[in-house]
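Visitor: A structural model of the following input is requested.
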Amino acid sequence: MDISRIEHIGIAVKNIKDSLPYYEGILGLKCYSIEEVVNQKVRTAFFKVGETKIELLEPISDESTIAKFIKKKGEGIHHIAFAVPNIDTALIEVELKGVQVIDKLSRKGAEGLKIAFLHPKSTRNILTELCQ
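Guide: Model prediction:
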């Protein structure tokens, strides 16, 4: 697989507004985008750190994956995302290598990216996202 960089690190939070003072006030980062991703039942906030981004994920439904994650594990790092030039090719490649995928086909994610997730059971217990 041809990974070009870490695209972002996803962090589950109960409330983005309550989290902003830490990221902006303490760390000095600037939130450049807040958006709802309805199909994933989350609100996202993004910060740039060099070429990498931090993505805060706030559930907008008790049925969202992020709400379930927070209920089970609390707030914290949810996933790491890698940029790939061709997500469909990357998905085929990892499946051929025996990796269990959550998404057989890419789907639309935040910032208009094509995304797909690899199952933590196949990725050393780290939820991994591929982005194009």
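Visitor: Next, residue 15: phi, psi?
Guide: Reported as degrees, to the nearest 10, the phi and psi values for residue 15 are phi -150, psi 120.
Visitor: mind listing what the nearest residue to it once chain neighbours are set aside touches?
Guide: Excluding its sequence neighbours, the residue lying closest to residue 15 (Cβ to Cβ, 6 or more residues apart in numbering) is residue 58, at 6.0 Å. For glycine as for every other residue, the C-beta is placed from the backbone atoms N, C-alpha and C. Contacts for residue 58 were tallied using Cβ atoms under 8 Å, 6 or more residues apart in numbering; they are 13-16, 42-45, 66.
Visitor: Among those residues, which pair sits farthest apart?
Guide: 14 and 44 (14.1 Å; Cβ to Cβ).
Visitor: Mind checking which of these two has more residues around it?
Guide: More neighbours surround residue 44 than the other of residue 14 and residue 44, with 21 against 13 (other Cβ atoms under 10 Å).
Visitor: wait, what's in contact with the closest residue to that one other than its chain neighbours?
Guide: Distances taken as Cβ to Cβ, 6+ apart place residue 110 nearest to residue 44, at 4.6 Å, with adjacent residues excluded. By Cβ under 8 Å, 6+ apart, residue 110 lies in contact with 35, 37, 44, 46, 55.
Visitor: ok, now how distant is the residue lying closest to residue 117 once chain neighbours are set aside from residue 127?
Guide: Distances taken as Cβ to Cβ, 6+ apart put residue 102 closest to residue 117, at 4.0 Å, once the chain neighbours are dropped. When Cβ to Cβ, to the nearest Å is the yardstick, residue 102 and residue 127 sit 8 Å from each other.
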